[in-house]
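> the following comprises the amino acid sequence and a computationally predicted model.
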Amino acid sequence: MKIKNEIRQGINIISLNGRLDSFSSQEIGEKFDSFINSGSYKFIIDFSDLNYLSSAGIRILLQLKKSCTKLNGDVKLTNVSPYVLNVLKISGFLNIFSVYENVDIALKSYFIENNSEKNDSNTQELYETSIGTFKFEKKNTETAKIRVIGENQDFLYAKCKKDSIYSESLNKLKYTLGIGALGDKPDDFFANIGELMIVGGTVVWVPTDGHNVPDFLIPIDESAEIKVHTAFHIILENTFNEIVRFEAKSPSEGVSLEDVYKSLFELSKGRITEYKGILSAVMRVDVGAIFGAGIKKAPILKNSPANSEMITHRDNIKDWLNFQVDYEHQNTTALIVGIGIDLKSYEKSPAINLVFQINPDQKKQQMLHNHAAIFKFFPEKYQSYELEQEIDNVINNGEFIGMQHLLDRSTIKKGIIGLNYVQEIKKRKLEIGIRT
């Protein structure tokens, strides 16, 4: 038995050649399991070159069907010969599998089903790129803004002071990333300030206490007055201009976060009139591998570098930042909060400096800042465009294993992304527009 597979529009198309019998079924079953483990839940099985099917082969197909159904996927058969069709019929399984004349018709059926479930399916746009498939659904056209608390210079030069810490009620925050801590009084947390994110209203942070163990708090009662303390924080809006479903061309390995942002930048230029070179993103994704970095000590004044340079300066970076050489957390699920700037097309303004420290001699084409809460692999429940439902499901039912400041080479297999095309950056209550 020979087996080939290709991904088209996010659907795994498997071609079988030979006999699907007791001898070959174990090998084929292992192949099917590997596809499931790589994040494929929707299949088309092409029987064009299958000349024999037995009950053992049917059992393997049925196992695949059951596994996919649990993950909101499906298995569809195509190019079925009269003999194989009769085997399915007399075995009582013809009513379990959908059978189509050819691959193109089976492929189309997936998208007809998806569209029939949505009244606003005409708002969806599909783009095939060199790295994978992007399907956009418009949500709102409101002006997207981000709000900045504190000074990024205080963080970058390790000059945070107790009297420059800002505190804000957790129940007012949904998606953020930056530097901060939880605690009651400044003396309780100030020396341990570290990288912190809020995703879906849940706080995840890594205290700089030398243990490098993330901590988290999931709020249930919105009336409880718990405050998040921060020296520098970027607050994203929780309404999105668009929701995007992404699937990598290589579902077993995924593609880099850098390439995902690069494709989103390129697609935005031609589609979005409000695009000004800055995207904020909230993601619920299955990841191939995580490459991370983190600060080793609190960026407070008493720890500031003796040479008065930034903590990322070549003479300081080893003392301040811990970079992963090898990947971690392979084949996991991540909730990501991030922001990216396309250095080729952004509109220059003092407001940008609130978020990014841009070197005039910068040779990179983009700058990214992403934090991720990482969970053991947790399949999507809804397989829809309902991002916040998916995030809540992971937070409340997934197994949390870590937090990382993501390096750009971290890889993504598939997932759902909430995008905002940032037009304004706000400094506390003082609004600063991107335009000069």
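That came through, no problem.
> which stretches of the stretch 251-400 of the chain have low pLDDT?
360-362, 382-383 (pLDDT under 70).
> tell me where it has strands.
Shown for the stretch 251-400 of the chain, the strands assigned by DSSP state E, counting those that start in this stretch span residues 255-256, 278-289, 292-295, 321-323, 332-342, 366-376, 400-406.
> in JSON lines, list those strands along with mean neighbour count and distance to residue 93.
Heads up, the C-betas are built off the backbone N, CA and C, glycines and all. As requested, the strands of the stretch 251-400 of the chain are arranged in JSON lines below (neighbours: other Cβ atoms under 10 Å; distance: least, Cβ to Cβ, whole Å):
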{"stretch": "strand 255-256", "mean neighbour count": "20", "distance to residue 93": "37"}
{"stretch": "strand 278-289", "mean neighbour count": "25", "distance to residue 93": "30"}
{"stretch": "strand 292-295", "mean neighbour count": "18", "distance to residue 93": "46"}
{"stretch": "strand 321-323", "mean neighbour count": "13", "distance to residue 93": "53"}
{"stretch": "strand 332-342", "mean neighbour count": "25", "distance to residue 93": "33"}
{"stretch": "strand 366-376", "mean neighbour count": "22", "distance to residue 93": "33"}
{"stretch": "strand 400-406", "mean neighbour count": "21", "distance to residue 93": "39"}
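> save those as JSON lines, and put in distance to residue 425 too.
Listed next are the strands of the stretch 251-400 of the chain as JSON lines, based on distance: least, Cβ to Cβ, whole Å:
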{"stretch": "strand 255-256", "distance to residue 425": "26"}
{"stretch": "strand 278-289", "distance to residue 425": "8"}
{"stretch": "strand 292-295", "distance to residue 425": "24"}
{"stretch": "strand 321-323", "distance to residue 425": "25"}
{"stretch": "strand 332-342", "distance to residue 425": "10"}
{"stretch": "strand 366-376", "distance to residue 425": "13"}
{"stretch": "strand 400-406", "distance to residue 425": "21"}
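> and residue 236, which of those strands is closest to it?
strand 278-289 (4.7 Å; Cβ to Cβ).
> residue 214 is nearest to which of the strands of the stretch 251-400 of the chain?
strand 400-406 (4.0 Å).
> that older thread, and of the strands of the stretch 251-400 of the chain, who's closest to residue 422?
strand 278-289 (4.1 Å).
> and the angle for that closest one with strand 366-376?
Taking axes from the mean of the first three to the mean of the last three Cα atoms, to 10 degrees, one finds strand 278-289 and strand 366-376 inclined to each other by 40 degrees.
> could you say what helices and strands strand 278-289 packs with?
In this structure, strand 278-289 makes packing contacts with helix 257-271, strand 332-342, strand 366-376, helix 387-397, strand 411-427, judged by 3 or more Cβ pairs under 8 Å, 6 or more residues apart in numbering; DSSP states H and E.
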